[in-house]
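>>> Sequence plus predicted model, see below.
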Amino acid sequence: MTRGERSGSRNMEGAEAMIVEKGAKKKRNIVLVGMSGAGKSTLGVLLAKALGMDFVDTDLVIQQQEGRLLQAIIDQDGIEAFMAVEESVVSALQVNDCIIATGGSVIYSEKAMHALRQGGQIVYLHVSYEEIMRRLGNVATRGIVMKNGHTLQDVYEERVPLYRQYSDVTIDCAKKEIEQCVREIVELL
Ligand SMILES: Nc1ncnc2c1ncn2[C@@H]1O[C@H](COP(=O)(O)OP(=O)(O)O)[C@@H](O)[C@H]1O
Ligand SMILES: O=C(O)C1=C[C@@H](OP(=O)(O)O)[C@@H](O)[C@H](O)C1
Ligand SMILES: [Mg+2]
């Protein structure tokens, strides 16, 4: 290979690197994670409006792909099967400049969390256990991924460290109006 070819190839690498960098920039999403009931879905739409971004709720993508309600998937196929579908849907999600409201159980999938991190910033909506319990009401009909014998408190204690581990930013959303949470996220990011 001549010097010129080598330098050309280096230039090409440089050009490719710029394209990759631009592509990476285009993919900046804001990903909302947290316990079921934290407000990811309701708050996500308002955040998208405030920032002029798109919005996707991965729960709805799962339902659309499966042609069934989330509760039906969990009741008919079990929690392991539900989590496998969730992992596959979330890992395959191709969106840019989008607010992504995830389902609370996505945090169990390293693969899905890795894909979400590649595409944007992860915002953890933290809400106390007491408030989550109050908002959810009957957990049996809310389709929560819960192992046999586990209580909602067990699930909460198992997940909170994972939400914290994967997130770039934490917003405390208990005892705050939804609009206030939206304002805090807009100011922080
Ligand atoms: N900051 C908040 N204060 C009071 N209620 C809230 C707040 N955020 C969400 N909620 C309520 O909590 C419930 C769960 O919200 P949702 O957006 O479905 O949560 P998630 O998608 O995280 O499960 C809804 O009834 C919603 O109106
Ligand atoms: O936390 C969970 O185990 C789940 C939360 C739900 O979404 P939300 O977090 O939007 O309620 C949904 O993905 C599914 O029912 C499982
Ligand atoms: Mg939701």
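Everything's here; your move. Residues are numbered from 1 along each chain as shown. Ligands and ions are numbered 1, 2, ... in the order given.
>>> which residues sit against the one helix or strand Ala84 maps to?
Using DSSP states H and E, Ala84 falls within helix 79-92. With contacts defined as CB atoms under 8 Å, 6 or more residues apart in numbering, helix 79-92 is touched by 58, 61-62, 65-66, 70, 73-74, 102-103, 105-106, 108-109, 111-112, 115-116, 145-147. C-beta here means a position set from N, CA and C on the backbone, and glycine is covered the same way.
>>> Just the buried residues out of these, in PyMOL syntax.
Paste this into PyMOL to select the buried members of those, with burial taken from 16 or more other CB atoms under 10 Å:
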select buried, resi 58+61+62+70+73+74+102+103+105+106+108+109+112+115+116+145+146
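>>> among the contacts of helix 79-92, which are in helices?
Per DSSP state H, helices hold the following members of those: 58, 61-62, 65-66, 70, 73-74, 111-112, 115-116.
>>> and ligand 2, which of these reach it?
Contacts with ligand 2 are made by Leu70 out of the ones in helices among the contacts of helix 79-92, judged by CB under 6 Å from any ligand atom.
>>> Of the ones in helices among the contacts of helix 79-92, just say which sits nearest to ligand 2.
Proximity of the ones in helices among the contacts of helix 79-92 to ligand 2 (CB to the nearest ligand atom) peaks at Leu70, which lies at 4.3 Å.
>>> how about the closest residue to that closest one other than its chain neighbours, secondary structure?
Closest residue to Leu70 apart from its sequence neighbours, by CB to CB, 6 or more residues apart in numbering: Gly143 at 4.7 Å. The three-state assignment at Gly143 reads coil, by DSSP: H, G, I helix; E, B strand; the rest coil.
>>> which strand is the longest one in the chain?
Under DSSP state E, the strand in the chain containing the largest number of residues is strand 120-126.
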